[in-house]
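S.K.: below are the sequence and a predicted model for it; my questions follow.
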Amino acid sequence: MAENIKANLGIGPMSSETIEAVYRYSNFHRKQIMLIASKNQIDYSGGYVNKWTTKEYAEELSKLRKKYSFSDVVNCRDHCGPGFNGNYKLEDTYNTIKSDIENNFDLIHIDFCHYEGTNQERLIESKKAFEMCKSLNEKIFIEIGTDENLGDKFALNSLEDIEEEIDYFSSFSKPEFFVVQTGSLVMEINQVGSFNIDFSKEISEIIKDKGIKFKEHNADYLPSSEITKRRGIVDAMNIAPQFGVLQTSLVLNKCLAYGINYDEWGNVIIKNKKWKKWLHKNTEENKFLCMNIAGHYHYSCDEYKRIIDKLNKHEDIAETIIESLMEVIEHYENSF
């Protein structure tokens, strides 16, 4: 269990390679980093990352902690709430919480933005989930974010409304992080949002005055200039899709370089339509783009594994992927 959280970067465990890149970078650079597993990726009943259950995932992290003895990785649950995996039953959310705490997660993000009820009911149910976490482990860190992220097209809530919500949660316990929309939004292979610096400065002051840290989600694909804008305003950022896209594009391009056919895997990706949620200005006619933005959902399928076996005859493809992913981590760590 982490004694404190000083990390300013959260990374989604998009693949085995992403997870190892986080541990390796943390180990060699002595940096604390957060791994932020969504319910789709890892959950008590399984997920798309290696089809691991929470218990199996925790066992893998334990192995990596031993392999990288100087690593400092904070194990976090991202977006714990109804609807994120298509299941809106509260029992499903509670099962996630129970399994996370049984398997020594350090932080749980309570997010009931998809709860089917009034705003007041959403807050009440969020409180129940919050209190359940603390009843199972009083030392668990909590992140709160109850507003669906829509990027630069969202209608800003008033600062008073946001402060009122922060006060509501602070009245019964102090969250580690509070998530508020900043304008950032990831679509396709780009950052299509725009950082609202004036609003973010104001909300940052409100959050920090209450002894809470301000976290930004959807911070992928940012150049150094955009990352540095956030210094002193945002305390931590989450990135995830960028790692999946980088791994997929690298694998596809290596296939092209070595003359390896990837059509079977490509057909699986296109057929399952996971790319639909990421499309912005393109359509499904751009099949290569669709493959790049949704390939990470299909690393566990046999078609992908056959490609990896063929690539390994030419080079250690896992090492190539891990080294490339570590470059992204370094970019963020050096800029923030």
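M.R.: Right, received. Where do you want to start? Numbers count the residues shown, from 1 in each chain.
S.K.: so in the protein, where's the weakest helix or strand by average pLDDT?
M.R.: Ranking every helix and strand in the chain by mean pLDDT, DSSP states H and E puts helix 159-170 at the bottom, with a mean of 88.
S.K.: next structured bit after it?
M.R.: Counting by DSSP states H and E, the next helix or strand C-terminal to helix 159-170 is strand 177-179.
S.K.: quick one: that next one to chain centroid distance?
M.R.: Centroid separation for strand 177-179 versus its chain: 14 Å, with Cα atoms, centre = their mean, to the nearest Å.
S.K.: if I pick K254, what's in contact with it?
M.R.: For K254, the contact set (Cβ atoms under 8 Å, 6 or more residues apart in numbering) comprises 260, 311, 314-315, 317, 320. Any C-beta I mention is one placed from the backbone N, CA and C, and that applies to glycine too.
S.K.: so can I have a markdown table of those residues showing pLDDT and secondary structure?
M.R.: Output for these, formatted as a markdown table (pLDDT from 0 to 100; DSSP: H, G, I helix; E, B strand; the rest coil):
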| residue | pLDDT | secondary structure |
| --- | --- | --- |
| I260 | 98 | coil |
| L311 | 98 | helix |
| H314 | 98 | coil |
| E315 | 98 | coil |
| I317 | 98 | helix |
| T320 | 98 | helix |
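S.K.: circling back: which strands and helices sit next to the least confident helix or strand of the chain?
M.R.: If contacts are counted by 3 or more Cβ pairs under 8 Å, 6 or more residues apart in numbering; DSSP states H and E, helix 159-170 sits against helix 119-136, helix 197-209.
S.K.: CSV for these, including mean neighbour count?
M.R.: As requested, the helices and strands packed on helix 159-170 are arranged in CSV below (neighbours: other Cβ atoms under 10 Å):
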stretch, mean neighbour count
helix 119-136, 16
helix 197-209, 16
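S.K.: out of those helices, which is closest to D302?
M.R.: helix 119-136 (37.4 Å; Cβ to Cβ).
S.K.: and the closest one, what does it pack against?
M.R.: Secondary-structure packing of helix 119-136 (3+ Cβ pairs under 8 Å, 6+ apart): helix 90-102, strand 107-110, strand 141-144, helix 159-170.
S.K.: what's the neighbour count on K305?
M.R.: K305 has 12 neighbouring residues, counting by other Cβ atoms under 10 Å.
S.K.: please read the previous query as pertaining to F28.
M.R.: The local packing of F28 (other Cβ under 10 Å) involves 12 other residues.
S.K.: and for K89?
M.R.: Using other Cβ under 10 Å, K89 has 10 other residues around it.
S.K.: what sits against it?
M.R.: P82.
S.K.: show me the shaky parts of the stretch 51-200 of the chain.
M.R.: Applying pLDDT under 70 to the stretch 51-200 of the chain picks out residues 146-158.
S.K.: try the stretch 201-336 of the chain
M.R.: Along the stretch 201-336 of the chain, no part satisfies pLDDT under 70.
S.K.: ok, which stretches of it are helices?
M.R.: Using DSSP state H, counting those that start in this stretch, the helices found in the stretch 201-336 of the chain span residues 224-229, 241-258, 263-272, 287-294, 302-311, 317-335.
S.K.: distance to L136 for those - can I get that in a markdown table?
M.R.: As requested, those are exported to a markdown table (distance: least, Cβ to Cβ, whole Å):
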| stretch | distance to L136 |
| --- | --- |
| helix 224-229 | 36 |
| helix 241-258 | 30 |
| helix 263-272 | 35 |
| helix 287-294 | 35 |
| helix 302-311 | 36 |
| helix 317-335 | 31 |
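S.K.: do you know which of those lies nearest E56?
M.R.: Among those, the nearest to E56 by Cβ to Cβ is helix 302-311 (17.6 Å).
S.K.: name the helices or strands packed onto that closest one?
M.R.: Where contact means 3+ Cβ pairs under 8 Å, 6+ apart, helix 302-311 is packed against helix 241-258, helix 263-272, helix 317-335.
S.K.: mark which of the contacts of K254 are buried, thanks.
M.R.: 260, 311, 317, 320 (16 or more other Cβ atoms under 10 Å).
S.K.: if I pick the nearest residue to the second one once chain neighbours are set aside, what's in contact with it?
M.R.: Spatial nearest neighbour of L311, excluding adjacent residues (Cβ to Cβ, 6 or more residues apart in numbering): I317 at 4.2 Å. If a contact means Cβ under 8 Å, 6+ apart, then I317 has 251, 254, 308, 311 as its contacts.
S.K.: tilt between the top strand by length along the chain and helix 90-102?
M.R.: Determined from DSSP state E, the single longest strand within the chain is strand 72-80. Counting by axes from the mean of the first three to the mean of the last three Cα atoms, to 10 degrees, strand 72-80 lies at 170 degrees to helix 90-102.
S.K.: sheet-wise, list the partners of strand 72-80 with their directions.
M.R.: Strand 72-80 has its sheet partners listed here by DSSP bridges as strand 32-37 (parallel), strand 107-110 (parallel).
S.K.: returning to what we had before: okay, the helices and strands packed on helix 302-311, which one's buried deepest?
M.R.: Burial of the helices and strands packed on helix 302-311 is given as mean neighbour count (mean count of other Cβ atoms under 10 Å); helix 241-258 ranks first at a mean of 19.
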